[in-house]
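Coordinates for the following, if possible.
(2 chains)
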Amino acid sequence: MSTATTHDEHHEHGPATGLMRWVTTTNHKDIGTLYLWLSFIMLLTGGAMAMVIRAELFQPGLQLVDPNFFNSMTTMHGLIMVFGAIMPAFVGLANWLIPMMIGAPDMALPRMNNWSFWILPFAFTMLASTLFMEGGAPAFGWTFYAPLSTTFAPDTTDFFIFAVHLMGISSVMGAINVIATILNMRAPGMTLMKMPLFVWTWLITAYLLIAVMPVLAGAVTMMLTDRHFGTSFFDAAGGGDPVMFQHIFWFFGHPEVYIMILPAFGIISAIIPTFARKPLFGYSSMVYASASIAILSFMVWAHHMFTTGMPVAGELYFMYATIMIAVPTGVKIFNWVATMWRGSMTFETPMLWALGFVVMFTIGGFSGLMLGVAPVDTQYHDTYFVVAHFHYVLVTGALYSIIAAFYYWVPKWTGNMYDEKLGKIHFWWSTISVNVLFFPQHFIGLAGMPRRIPDYALQFAEFNMISSIGGFAFGLAQVFFLYIVVKTIKGGEKATDKVWEGATGLEFEELPSPAPYHSFDEAPAVK
Amino acid sequence: MIAIEKDQQEEVLRIILTPNRSISWPLLVKFYLFTCGVSFSIAMLFAFLGYWMVIPFSGLEMMVLGGGLYVTCRKVYRQEVISVDNDHIKLEKGCISVDESWQFDRHWARISIEEIKNFRKTSSLKIGSHGNFVEVGSFLNESEKETLAFELNQSIISSDFLRRVG
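Model (predicted):
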């Protein structure tokens, strides 16, 4: 009986080569990369549609496209940005980061992970193909209210319905994977209250997805049966209720908003402590605030429908419930500011994007409060004020956090530091242009300009022109971002293992840069 | 995780190895039932209002969620049992029942620790004899592997191995 020590170098095998690596991969990092690239392509595609919208609105009158195509552009832009850019980007980040953050070797269900990604390109191809079909792409807005999406919709709507089903299947599979991974595969010592906030917020997001996706699937299926199988779920002539479509849609749609912002809170909660060189202020209150936001998100959906003629008691309830969400959201903003208070702050690119998020997401939050007040919303409903509000939340909120996450974790992913000077140019270029783009929309909205119109009255001309100039500049800034991404992947100054002086977490403390293809073949020790 | 049991009557020492379980099966079942409750409540609410088509999607989704959680939980509920008696070392691997087993002559058995050259300097612990080695406790971390190697060494070498525990 004896003990021998030998060497084995075969365990550290890397990825396969060639195209089939990406088609058949079950590695969480590969799949994360695929998600991130898809979301970038979708961002540029949806962005190109936004450019068409802003070009048409550059001057009053019909300039470039016919009104139906304009409406198709607003519809496709919304759908592609929500389902194609923001959501897949967060799923990509979840794939890359969650196993590394909790000390797991991979996602819990790797084959399902592969499948949930590869459904998406087909879904978006199906959706985009409607642009080239007779009747044109769906033009009823990303909210696809009945009867616009049933009685009056083009035949291509069926492709839209199946594309939404595929996106839903993908999202549900991704959410199941995240839940199974976080619950079952945490390293020893990684208790729930030790998990990084990005992991917490994703656990809550996945739960929201699980809860609301069947509602979306049911809604689009009922649309399909109303269109082709003689049912009247949303047809008043057959005893149905078109307003009920709005209730069903927003029962899904409002939690969907939080699905797109909760992971952003997790990202910002990782970045600010690193560059303030202080632990996050009020970790547990951040967890409880995220959970409170998620619970409240199920109770406020009808604030999108104040003008449908609901009873005053209903308006009052939804108004108070909506405003209540400001409390846990305020807790988060307070905690981020308190984390920075007397911190030893530096302002590298990820921190700039995180600070941009805090300031401008708060602007979007305040305009959301205004819209939550029922009597005021009657004035603002369906105006450009609403457009300004949700773009401050989703562009300077969700998208900013995704870009911040890229700059923060890309040295860990590639082993290369990004170009700091270019990163800062990207930030200031984007931040100035995004405000030129969206801030004037508050004014034209308050002045009464409705959304989803290709032409407008003369008094809105100047602000629209300014907004369009901001839009073109912001669009160009994201092409510049593509250059930075490619440059960083191809090379650059080598990153240290810890990357940032103040970084904490298993991915920085237990893994080299770049992180190996297989991170944790065995569980790390959690302090 | 390493647990050591001894059976004085049969004169067998058992070392039971299990992966880390970050959630217990009963808690996971509670989580699943709660999620089903939330999902079906939403579906029933809409069904009550006449919009019943949410129900099949909720059902389908809960089936997939249940399947996913079960499959993952099964992975972390696998275990390896090393039984040492006077003449043999028996290694059994499985989950609910024994899926694979190996038996070695105790007097010829040896333990091998292979260092894997990677960033985290992990190792692979193997047990076997006559050139036939099987990895044990691949899911254990380094300190647990060290403990296991020590326990195996001591228990297998020592003639009164049953006195070592309990």
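
Run through chain B and note the low-pLDDT ranges.
B:117-121, B:159-166 (pLDDT under 70).

Which stretches in it count as strands?
With DSSP state E, the ranges of strands along chain B come out as B:2-7, B:12-17, B:79-84, B:88-94, B:98-105, B:110-116, B:123-129, B:132-135.

same for the second one, what does it pack against?
Here strand B:12-17 is seen to pack against strand B:2-7, strand B:79-84, helix B:142-157 when contacts are counted using 3 or more C-beta pairs under 8 Å, 6 or more residues apart in numbering or on different chains; DSSP states H and E. All C-beta spots, glycine's among them, are computed from the backbone N, C-alpha and C.

a markdown table for the strands of chain B, including mean neighbour count?
Compiled in a markdown table, these are given as follows (neighbours: other C-beta atoms under 10 Å in any protein chain shown):
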| stretch | mean neighbour count |
| --- | --- |
| strand B:2-7 | 14 |
| strand B:12-17 | 20 |
| strand B:79-84 | 21 |
| strand B:88-94 | 18 |
| strand B:98-105 | 13 |
| strand B:110-116 | 18 |
| strand B:123-129 | 20 |
| strand B:132-135 | 15 |
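
Now distance to residue A:232 too, for these, in TSV please.
Shown next, in TSV, are the strands of chain B (distance: least, C-beta to C-beta, whole Å):
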stretch	distance to residue A:232
strand B:2-7	63
strand B:12-17	61
strand B:79-84	57
strand B:88-94	56
strand B:98-105	55
strand B:110-116	65
strand B:123-129	65
strand B:132-135	63
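
ok, residue A:361 - contacts?
A:261, A:264, A:392-393, A:396-397, A:400 (C-beta atoms under 8 Å, 6 or more residues apart in numbering or on different chains).

The residue of the stretch 301-450 of chain A found nearest chain B and residue A:319, how far apart?
Nearest residue of the stretch 301-450 of chain A to chain B, counting by C-beta to the nearest C-beta: residue A:301, 11.6 Å away. Distance, residue A:301 to residue A:319, by C-beta to C-beta, to the nearest Å: 13 Å.

who has more neighbours, these two?
Each of residue A:301 and residue A:319 has its neighbours counted (other C-beta atoms under 10 Å in any protein chain shown); residue A:301 has more, 23 against 20.

ok, for the more buried one, nearest residue in space, not its chain neighbours?
residue A:250 (3.9 Å; C-beta to C-beta, 6 or more residues apart in numbering or on different chains).

returning to that earlier point: save the helices and strands packed on strand B:12-17 as JSON lines, and put in distance to chain A too.
Formatted as JSON lines, the helices and strands packed on strand B:12-17 follow (distance: least, C-beta to the nearest C-beta, whole Å):
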{"stretch": "strand B:2-7", "distance to chain A": "12"}
{"stretch": "strand B:79-84", "distance to chain A": "11"}
{"stretch": "helix B:142-157", "distance to chain A": "5"}
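
where do the strands sit along the stretch 301-450 of chain A?
Assigned strands in the stretch 301-450 of chain A: none (criterion: DSSP state E, counting those that start in this stretch).

got the residue ranges for the helices in it?
A:312-324, A:326-340, A:349-372, A:374-380, A:384-393, A:400-414, A:420-446 (DSSP state H, counting those that start in this stretch).

just those: most buried one?
helix A:400-414 (a mean of 25; mean count of other C-beta atoms under 10 Å in any protein chain shown).

how about that one, does it get close to chain B?
No. In terms of C-beta under 8 Å from any C-beta of the partner chain, no part of helix A:400-414 sits within range of chain B; the closest distance is 12.6 Å.

now for that helix, which elements pack on it?
Applying 3+ C-beta pairs under 8 Å, 6+ apart, we find helix A:400-414 packed against helix A:28-56, helix A:87-102, helix A:262-276, helix A:349-372, helix A:420-446, helix A:461-490, helix A:506-509.

List just the nearest of the contacts of residue A:361 to residue A:380.
residue A:392 (14.0 Å; C-beta to C-beta).

What residues does the closest one make contact with?
A:360-361, A:363-364, A:367, A:438 are the contacts of residue A:392 under C-beta under 8 Å, 6+ apart.

How is residue A:512 assigned, secondary-structure-wise?
Three-state assignment for residue A:512 (DSSP: H, G, I helix; E, B strand; the rest coil): coil.

What distance do you get for it to chain B?
4 Å (C-beta to the nearest C-beta, to the nearest Å).

surely that residue meets residue A:495?
No. Counting by C-beta atoms under 8 Å, residue A:512 stays clear of residue A:495, with 9.4 Å between them.

quick revisit: make a markdown table from the helices of the stretch 301-450 of chain A and add distance to residue B:142 and mean pLDDT to it.
Shown next, in a markdown table, are the helices of the stretch 301-450 of chain A (distance: least, C-beta to C-beta, whole Å; pLDDT from 0 to 100):
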| stretch | distance to residue B:142 | mean pLDDT |
| --- | --- | --- |
| helix A:312-324 | 49 | 96 |
| helix A:326-340 | 34 | 97 |
| helix A:349-372 | 32 | 97 |
| helix A:374-380 | 59 | 94 |
| helix A:384-393 | 46 | 97 |
| helix A:400-414 | 23 | 98 |
| helix A:420-446 | 37 | 98 |
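
Any idea which of those helices gets closest to residue A:502?
Per C-beta to C-beta, nearest to residue A:502 of those: helix A:349-372, 10.1 Å.

Just give the nearest non-adjacent residue to residue 82, would you?
Since no chain was named, I'll use chain A. Here the residue nearest residue A:82, using C-beta to C-beta, 6+ apart, is residue A:142, at 6.4 Å.

that's the other chain; I wanted chain B
residue B:15 (4.3 Å).

Would you map the helices across the stretch 101-250 of chain A?
A:110-129, A:157-184, A:197-228, A:242-259.

angle of the shortest one against helix A:312-324?
The one in question is helix A:242-259. 10 degrees (axes from the mean of the first three to the mean of the last three C-alpha atoms, to 10 degrees).

Output the contacting helices and strands for helix A:242-259.
Right, helix A:242-259 is packed against helix A:197-228, helix A:283-297 by 3+ C-beta pairs under 8 Å, 6+ apart.

Only the buried residues of stretch A:294-309, if you could.
Using 16 or more other C-beta atoms under 10 Å in any protein chain shown as the test for burial, stretch A:294-309 gives A:294, A:296-298, A:300-306.

actually stretch A:173-191, sorry about that
So for stretch A:173-191, counting by 16+ other C-beta under 10 Å, buried means A:173-188, A:190.

how far away is residue B:104 from residue A:513?
Taken as C-beta to C-beta, the span from residue B:104 to residue A:513 is 42 Å.

secondary structure element for residue A:497?
Under DSSP states H and E, no helix or strand contains residue A:497.

Identify the spatial nearest neighbour of it, chain neighbours not counted.
Residue A:497's closest residue in space is residue A:512 (C-beta to C-beta, 6+ apart), at 4.9 Å.

Look up how far residue A:498 lies from that neighbour.
10 Å.

One more: residue B:41?
Using C-beta to C-beta, we find residue B:41 at a distance of 46 Å from residue A:498.

Also residue A:515?
Residue A:515 sits 13 Å away from residue A:498, going by C-beta to C-beta.

go on, residue B:75?
The value you get for residue B:75 to residue A:498, if C-beta to C-beta is used, is 31 Å.

What of residue A:484?
Using C-beta to C-beta, one gets 22 Å for the distance from residue A:484 to residue A:498.

ok, the two, which is more surrounded?
residue A:484 (20 against 16).
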